[in-house]
Structures are given as C-alpha cells and as structure tokens.
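Engineer: Just to be clear, the model below is a prediction. Sequence and coordinates:
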Amino acid sequence: MPEAIEIYDDRLLAIVRPGASLQKLANGAVHSEGPVYFHEDDSVVWSDAHGNRLLRWSATDNVTVLRDPSDYQSGNYRDLEGRLVACSSGLRAIIRREQDGEWKVLVDRYQNKRLNSPNDLVIKSDGTIWFTDPPYGITEPNQGYGGEQEQPGSYVYRFDPVTADIYPVVTDMVRPNGLAFSPDESLLYVSDTAAFNIPGGPHHIRVYEVVDNRYLKNGRVFAVIEPGQPDGLRVDKHGNVFTSSQDSVQIYAPDGTRLGKIFVPETSANLTFGGKKGDSLSGTLRERLFITAGHSLYVIDLNTRGVQL
C-alpha cells in the first residue's frame, strides 16, 4: 500500500486502489478551493479563492485562467444542465455561468437583507441549490470585499432557482462550510469550520435528515475532525464521506467510523470526484479524486466514484 494512504479499517481496501499515488497536477494559486469536474473534456475548474481568480486544468491545456477577477468565488458545482454554479464571497451571492458565458446573480438576499458570503454549495436532483453562508467574505480581507453583516447568523439555505424561493434549513451551526448529500439524498452532511478563527469553536461534521425534500431535522455530530478543521466534503456512491482536514483527506464510513486518510502535503480545502470514460467497447470509468490544497491541485486514483457524476 502506498505511503500516502493510512488504513484504520479494512473497509478502506475496497475504496483505495493498490499502487495509487497522489499526483500534483498544478500549482501557483494563492489558495485552491472548490473543484468541479467536467467529463466532457476531462477538465477541472477550481477557485483561487484568495487570489480572486477562477482556474481550469486539463491534460491537454494544463492550466488556464477562466475568470480574473472572479469576485472571490469559492465553492463550485454543476447544475442539471451542466452550467457552472458558484458561491461568490465578494458579491455575497450565488452566481451561474450561462450557456453564452455570461455570469448571472441568482440570489444575494434573504428577507431583503444581504447574505453574508456564500461559501460552498451542492445541487440536489430536483435542481434546488443548498448552500452555506458563513461571514468569511466580510471578516477576512483576502476572501471578499468586506462590509457589514446583515443576517443574524451563519445558516445553510435552500434556494429554488425556478421559483426564487429561499429559506434557511440549518440555523444551529456556528460556521457552516462544506456540504454534501448522501447517495439517496436522505441525509445532508455539513462541516463546521468555526475553529478556524474562533478559539474553542467546533471543528466537526454534522448530519441532518432530509424531510419532504425541503427541510432538515434531527441534526447530530457525525465526526469530529482532527487535526485542523473539515472544509469541503464529498460522498461516494456507497455513502462514504470524504472530508478535507489539515493533514489529509479523511474517509468515514456511513456509520461514522474513520476508515483512513489520504495524506496531502498541503492543507486540503476541498475535493471532488471525476474520471474520464474509457473506450466505447469497455465503457470503463477512471475513478479519480481531485483535491484542492494550499497552492495546488492534486489527484489520486480510487476504486469508487462520487454521487455527483
């Protein structure tokens, strides 16, 4: 087993790929965040969140700049039509790249008050956008344009881009950050990164039950993440939770058992699954995990794939 992987539970052996090693694909970002995979051209788009740029990597083009400035984009995701939807900490909004390449603000207010600074998002199978709204774009000089906080707390919201309906679904967290649904969308996992700048603050992942596809209930702590804090997270097709941390990507079974770690030489911030389909005869899929960490973009081959593919 490669040194990059540490095993705590034998269930990890079905997830990792024997002989796999972590590879650095790109560097040069100030702070890499929010990767999203495009299978059409085997590329990854990610945010240089503190450098105020949007970057793209592909095996053929290496690294190109897609947007500069990017209004401090952070988390990114694809909607049901393949459009890029992003959290803009600078605009304090959820934005979307239209088919003609123009960027559109989808929502930037709740109850006529500006959002804090949307940080990460996930799109449900019904097209609704669920996103976290900590104040980092207001409080941190390298994450937004500053300003006054108008919302009474840091919430998780559900937004319907068709009806423009928005309301909070989580109000009991200090600094909600990354989030991901379970494969059947019956659970929502949300990381809390309050320990980043609040002494003694939480550094855990909470999990909530989804009710009627619209609300959440029965929130509880799923896992306490050490060292550092959880940030971005993703769930594979078997329900295993992959989360960033200070020293690695940590992998948890659905029952909350930590299965192991994929060590990363820089502090990981976010991750996404991807993989280019093979030839038309075999129809195989190269299953890969892309990791944004520090100044860089990394990848490792696995034996599992994400639910968002």
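Structural biologist: Good, I have the coordinates. Residues are numbered from 1 along each chain as shown.

Engineer: where does the protein have low pLDDT?
Structural biologist: For the chain, the stretches with pLDDT under 70 are 1-3, 277-285, 309.

Engineer: Looking at it, which strand is longest?
Structural biologist: strand 215-224 (DSSP state E).

Engineer: Identify each buried residue in that one, please.
Structural biologist: Using 16 or more other Cβ atoms under 10 Å as the test for burial, strand 215-224 gives 216, 219, 222, 223. Using the backbone N, CA and C atoms, a C-beta is placed for each residue, glycine as well.

Engineer: and those residues as TSV, adding distance to residue 62?
Structural biologist: Converted to TSV, these look like this (distance: Cβ to Cβ, whole Å):
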residue	distance to residue 62
216	41
219	42
222	37
223	36
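
Engineer: Out of those residues, the closest to residue 11 would be?
Structural biologist: Taking Cβ to Cβ as the measure, residue 11 lies nearest residue 223 of the buried residues of strand 215-224, at 15.1 Å.

Engineer: So that closest one sits against residue 253, correct?
Structural biologist: No: contact between residue 223 and residue 253 fails when scored by Cβ atoms under 8 Å: they sit 10.1 Å apart.

Engineer: after the longest strand of the chain, next one along is what?
Structural biologist: strand 233-235 (DSSP states H and E).

Engineer: what's around the closest residue to residue 171 other than its chain neighbours, how many residues?
Structural biologist: Distances taken as Cβ to Cβ, 6 or more residues apart in numbering put residue 155 closest to residue 171, at 5.3 Å, once the chain neighbours are dropped. Residue 155: 21 surrounding residues under other Cβ atoms under 10 Å.

Engineer: do residue 52 as well
Structural biologist: Neighbour tally, residue 52, other Cβ under 10 Å: 21.

Engineer: End to end on stretch 192-203, go ahead and measure it.
Structural biologist: Using Cα to Cα, to the nearest Å, the end-to-end distance of stretch 192-203 comes to 6 Å.

Engineer: quick one: the helices in the stretch 1-150 of the chain?
Structural biologist: 136-139 (DSSP state H, counting those that start in this stretch).

Engineer: residue ranges of the strands in the stretch 201-309 of the chain, please?
Structural biologist: 204-211, 215-224, 233-235, 241-244, 248-252, 258-263, 268-274, 288-293, 296-301 (DSSP state E, counting those that start in this stretch).

Engineer: Alright, I will stop here.
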